[in-house]
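> any chance you can model this:
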Amino acid sequence: AELVAEPGVPGGQSRLALRMRPEAGWHGYWRNPGDAGFGMQLDWTLPQGAKTGEPNYPVPQTLLISGLMNHVFESEYAVLVPLSLPAGLPPGTTLPVQVKASWLACTDELCVPESAELATTVTVGGAPGPHAADFARWTQRLPAPLGSPARFALSANTVRFAIPLPSSVPLVQPHLFV
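Next up is the predicted model:
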């Protein structure tokens with residue numbers, strides 16, 4: 001696990017990324033792990049006036065083991081976290097950010113609780129940082145917003161979903177990640 005940051009805008013936003021690199025044969029879990037596992041837990045230590053938002057996960061893969069559906073990542077992925085910065089910071093200011101992260105790393109047969117204390121600094125203003133291309137790639141892996149809201153209807157034993165997908169989107173094996 002690694003914590004990296006984009007440059008920030010005073011009184012604006014930056015983004016943090018928890019970059020995860022599971023070893024071959026191992027996987028990590030999405031925010032909703034599915035039938036087994038558990039999602040990442042984050043405990044932030046931030047400068048005064050800074051605030052994190054909800055973590056944004058890339059679209060996971062499905063993994064069926066012993067009849068249990070899991071939502072996983074089997075290769076490198078990044079969880080992007082918006083960071084609101086306090087106003088009035090001069091360009092060049094560096095802000096320390098720390099997180100205590102815990103997650104579950106699993107193979108098809110074994111799960112191991114993992115944790116790390118990660119740290120980085122956010123530089124206010126300035127040029128794009130050394131991870132600009134990474135943030136662009138990670139952003140492309142986030143779920144794309146729909147052009148209009150989805151709807152659902154619930155009856156006695158049925159839930160119906162109406163999800164507005166453009167006709168150009170192939171729908172081969174749909175799976176709803178709740």
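> contacts and neighbour counts: CA atoms only from here.
Noted.
> check the gap between the residue of the chain positioned farthest from its centre and residue 172 for me.
No residue in the chain sits farther from the centre than residue 156, which is 34.3 Å out by C-alpha atoms, centre = their mean. Distance, residue 156 to residue 172, using C-alpha to C-alpha, to the nearest Å: 28 Å.
> likewise for residue 65?
Going from residue 65 to residue 172 by C-alpha to C-alpha gives 21 Å.
> which one of those two is surrounded by more residues?
More neighbours surround residue 65 than the other of residue 65 and residue 172, with 12 against 6 (other C-alpha atoms under 10 Å).
> not counting its neighbours along the chain, what's nearest the more buried one?
Among residues not flanking residue 65 along the chain, residue 108 sits closest, at 7.1 Å (C-alpha to C-alpha, 6 or more residues apart in numbering).
> please enumerate the helices of the chain.
For the chain, applying DSSP state H gives helices covering 132-140.
> run a quick neighbour tally on residue 125.
Neighbours of residue 125 under the rule other C-alpha under 10 Å: 18.
> got the phi/psi numbers for the residue farthest from the centre of the chain?
Note on residue 156: backbone dihedrals following degrees, to the nearest 10 are phi -50, psi -50.
> in contact with it, which residues are there?
Residues near residue 156 by C-alpha atoms under 8 Å, 6 or more residues apart in numbering: none.
> any idea of the pLDDT on it?
Note on residue 156: pLDDT of 92.
> also the one 3 residues further on?
The pLDDT attached to residue 159 in the predicted structure is 92.
> and it, how far from residue 151?
According to C-alpha to C-alpha, residue 159 and residue 151 sit 10 Å apart.
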